[in-house]
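> Structural data only, the sequence is not supplied:
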């Protein structure tokens, strides 16, 4: 089988913490915009059973990715009352701090997999993968020096970009997974993956899962896994951000996680049939989870407003919580589901709670299908109160909050949304589907806590960051099928 994919995204200025101060309605062409394009191809093959219970498959894949982002980082007529380059003059940007960055990358790889089925009560999966990730080209235009943040003579111009204009990362990996049906009501899964990076060395990622059914309709699930995340090219080499720059000495982040949960299906538990209506459709799930991220990648604090901070590996972050989900079919084509989570997020080294992370959050959603190919939905996302940065304080002379404020949390908020979607409809060799979604349907004044400027210690901007008002997103999907695969009509 062969496939080709093309994905293109283009986004203009959008309300949020990066753009809410910088949009200029009179000069939208100079405001922030983002462009992304991905062209990929894949060739895959799967053999019939080559020996008893043995199946082989292979795939070859390639992706070419282009990111082109233009950012206005400050409002017009922005003045920073500091001399960053030693010329004795405060920094002034009549057009605001402006920047455009172009990055091109590629991924080439292949994978081969073997599946051994019916090996007693076990099913084994073996695999081998090789990938080459290349940084092909980088370019940057700006009206500031990306190293120190000072205004450039001559305004907007070509500026220094990545520390490495080109780079290659080679990855070799092998994996093994064993699915063991130990008993009729007990399944154990264990797996391990070994990776070798030419720039980071070797890493091993094990995982295990257990699913046990003590009674009909009740399932107990336990999982554990260890993984790692290698720094991106941007995190290693970027010099284009006036606040944060890359660090070629970064180490991968390490992640450990575990879950313990119970699933209840009323229909199976009580032996009910469809004629029992609501009760037979009830599903319930509760899960306790724990996640620890070590060597987290964050900006290093600076002692003064002298330029960008460098990314670094810091201590560990822990997240623990309990999540509960429930669902019920109210009528033939009407379903109601809900979710509630209570969590604790903290710095594992200091024990302090993480700023801006809510203790509780949840959602509720109702879906109905008045027509066989049309689904209508409405729901609400609920976020609990979130702490601001620590310390109730006045503003400094420059309008920057001097230290933080945990005693005055941001109140909880509710975001109501609605959606309309269609199933895939064949039109000749094409399959068409559409989706329409409206966020913040009621136009509520939704806000997020202002993030700290970590490179400047505890400094942060005053006030909360407004989120988007009523926002509509429409999507049309068009899939083409060869005549031999197109749905046949009577």
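Looks like it came in fine. Given the structure is predicted, the values throughout are model-derived calculations rather than measurements.

> Burial check on residue 48, number of neighbours?
6 (other CB atoms under 10 Å). Yep, even glycine has a C-beta here, placed from its N, CA and C like the rest.

> And the nearest residue to residue 282 once chain neighbours are set aside, how far from residue 322?
Counting by CB to CB, 6 or more residues apart in numbering, residue 282 lies nearest to residue 266, which is 4.1 Å off, once chain neighbours are set aside. Per CB to CB, to the nearest Å, residue 266 is found 21 Å from residue 322.

> do the same with residue 96
Plainly put, residue 96 is 45 Å away from residue 322 if you go by CB to CB.

> Who has more neighbours out of the two?
residue 96 (20 against 16).

> So the residue nearest to residue 282 is in contact with residue 327, correct?
No. With contact defined as CB atoms under 8 Å, residue 266 does not reach residue 327; the gap is 10.5 Å.

> The two: who's more crowded?
residue 266 (18 against 15).

> follow-up on the earlier one: got phi/psi on the residue nearest to residue 282?
phi -60, psi -40 (degrees, to the nearest 10).

> Need the overlap of contacts for residue 266 and residue 327.
Residues touching both residue 266 and residue 327 (CB atoms under 8 Å, 6 or more residues apart in numbering) are 281, 282, 283.

> Can you verify my assumption that the second one contacts residue 328?
Yes. In this structure, residue 282 sits in contact with residue 328. The criterion is CB under 8 Å, and the distance is 5.0 Å.

> what lines up beside the worst-scoring helix or strand of the chain on mean pLDDT in the sheet?
The weakest-scoring helix or strand in the chain, judged by mean pLDDT, DSSP states H and E, is strand 465-466 (a mean of 74). Here strand 465-466 is paired, per DSSP bridges, with strand 447-448 (antiparallel).

> what is the mean pLDDT for the strand it pairs with?
Mean pLDDT, strand 447-448: 80.

> contact partners of that strand?
Here strand 447-448 makes contact (CB under 8 Å, 6+ apart) with 17, 356, 386, 410, 413, 464, 465, 466, 467.

> which of those are buried?
356, 386, 410, 413, 464, 465, 467 (16 or more other CB atoms under 10 Å).

> I'd like the residues you listed laid out as JSON lines, including distance to residue 475.
Formatted as JSON lines, these follow (distance: CB to CB, whole Å):
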{"residue": "356", "distance to residue 475": "30"}
{"residue": "386", "distance to residue 475": "30"}
{"residue": "410", "distance to residue 475": "31"}
{"residue": "413", "distance to residue 475": "26"}
{"residue": "464", "distance to residue 475": "30"}
{"residue": "465", "distance to residue 475": "27"}
{"residue": "467", "distance to residue 475": "21"}
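
> Return the member of those nearest to residue 161.
Proximity of the buried ones among the contacts of strand 447-448 to residue 161 was ranked by CB to CB; the top entry is residue 465 with 28.1 Å.

> now that closest one: how far from residue 234?
23 Å.

> By neighbour count, which of the shared contacts of residue 266 and residue 327 wins?
residue 281 (19 neighbours).

> What residues does residue 117 make contact with?
By CB under 8 Å, 6+ apart, the neighbours of residue 117 are 53, 55, 123.

> what lines up beside the helix or strand containing it in the sheet?
Here residue 117, judged by DSSP states H and E, is contained in strand 98-119. Partners of strand 98-119 in the sheet, by DSSP bridges, are strand 54-72 (antiparallel), strand 122-142 (antiparallel).

> out of these, which comes closest to residue 82?
strand 122-142 (17.9 Å).

> Return the residues in contact with the residue nearest to the spatial centre of the chain.
In the chain, the centroid-proximal residue (CA atoms, centre = their mean) is residue 229; its distance is 13.2 Å. Residue 229 is in contact with 252, 253, 255, counting by CB under 8 Å, 6+ apart.

> which of these lies closest to residue 337?
Comparing these against residue 337 with CB to CB picks out residue 255 as the nearest, at 28.2 Å.

> hmm, back to that, now, among the contacts of residue 117, which is nearest to residue 475?
Closest to residue 475, out of all of the contacts of residue 117 and judged by CB to CB, is residue 55, at 35.8 Å.

> so which of the strands paired with strand 98-119 comes closest to residue 109?
Short answer: strand 122-142, nearest of these by CB to CB, at 3.6 Å.

> Which parts of that closest one count as buried, going by neighbours?
Neighbour counts using 16+ other CB under 10 Å place 123-125, 127, 129, 131, 133-135, 138-142 of strand 122-142 among the buried residues.

> any chance of these in TSV, plus pLDDT and distance to residue 210?
Output for the buried residues of strand 122-142, formatted as TSV (pLDDT from 0 to 100; distance: CB to CB, whole Å):
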residue	pLDDT	distance to residue 210
123	89	16
124	93	18
125	94	18
127	97	23
129	97	27
131	97	31
133	96	35
134	95	40
135	92	41
138	87	46
139	87	51
140	87	50
141	89	54
142	88	53
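
> Take the residues you listed and write them to a markdown table, including distance to residue 160.
What follows is the buried residues of strand 122-142, written out as a markdown table (distance: CB to CB, whole Å):
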| residue | distance to residue 160 |
| --- | --- |
| 123 | 53 |
| 124 | 51 |
| 125 | 47 |
| 127 | 41 |
| 129 | 35 |
| 131 | 29 |
| 133 | 23 |
| 134 | 21 |
| 135 | 16 |
| 138 | 10 |
| 139 | 10 |
| 140 | 7 |
| 141 | 11 |
| 142 | 9 |
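
> Please produce JSON lines containing the strands paired with strand 98-119, extended by distance to residue 83.
Shown next, in JSON lines, are the strands paired with strand 98-119 (distance: least, CB to CB, whole Å):
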{"stretch": "strand 54-72", "distance to residue 83": "23"}
{"stretch": "strand 122-142", "distance to residue 83": "19"}
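
> separation between residue 134 and residue 253?
22 Å.

> for residue 96, that is, sorry about that
33 Å.
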